Each structure stands twice: as structure tokens, then as C-alpha cells.
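A.B. asks: Curious how this folds, go ahead:
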Amino acid sequence: MSQKKPVLSRRNFLLTVGASGAAGAAAIVAKNAGTGATPGAGDKRATSGYKVSAHVENYYRTTKV
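C.D. replies: This next block holds a predicted model:
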């Protein structure tokens, strides 16, 4: 009786690498989601929104055609 060796193709290798990468990313996201840590959570400027200042108005004025 002859035993068949498993065929390791490039497609199977890439599928395995992709699946393990996705699983690793999901684990990292799940780990960080439980802590509630968000980048810039303590930074007030990051949550204040867009504001038009004098230099922005000057830029808009200079770009009019």
C-alpha cells in the first residue's frame, strides 16, 4: 500500500498565511477593544472638530479662480 503525501501548493500556503494574519489582527483588535483605549482620548484638540481660522480663510481666498 502506498501512502499519499499531502500536496503543499503555493495557493494553500498563501491561504494559510492570509488566514493566520487575519486571525492575528482580530486578536489584537479584540484585545484593544476590551480596554477602551482609543488614540487621542485625552487630547481635546482631536475631538474639537474642524474650525476655520484666519490662515485657512486666507488659503481659501487665494485659491479662488
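A.B. asks: Tell me how far Y50 lies from K64.
C.D. replies: Counting by C-beta to C-beta, to the nearest Å, the gap from Y50 to K64 is 20 Å. The way it works is simple: take the backbone N, C-alpha and C, and place the C-beta from them, glycine included.
A.B. asks: what's the lengthiest helix in the chain packed up against?
C.D. replies: When the chain is scanned for its longest helix (criterion: DSSP state H), the result is helix 10-35. Helices and strands touching helix 10-35, by 3 or more C-beta pairs under 8 Å, 6 or more residues apart in numbering; DSSP states H and E: there are none.
A.B. asks: quick one: average confidence on it?
C.D. replies: Here helix 10-35 scores 86 as its mean pLDDT.
A.B. asks: how far is that helix from where the chain is centred?
C.D. replies: From the chain centre to the centre of helix 10-35 is a distance of 13 Å (C-alpha atoms, centre = their mean, to the nearest Å).
A.B. asks: State the distance from A54 to V65.
C.D. replies: A54 sits 22 Å away from V65, taking C-beta to C-beta as the criterion.
A.B. asks: more neighbours, these two?
C.D. replies: Using other C-beta atoms under 10 Å as the criterion, A54 and V65 rank with A54 on top: 7 against 2.
A.B. asks: On the pLDDT front, check that one for me.
C.D. replies: As predicted, A54 sits at a pLDDT of 94.
A.B. asks: check contacts around it.
C.D. replies: Residues near A54 by C-beta atoms under 8 Å, 6 or more residues apart in numbering: none.
A.B. asks: can you check K31 too?
C.D. replies: With contact set as C-beta under 8 Å, 6+ apart, K31 has no partners.
A.B. asks: Make 48 the first number, not 1, from now on.
C.D. replies: New numbering, starting at 48: the last item is K78.
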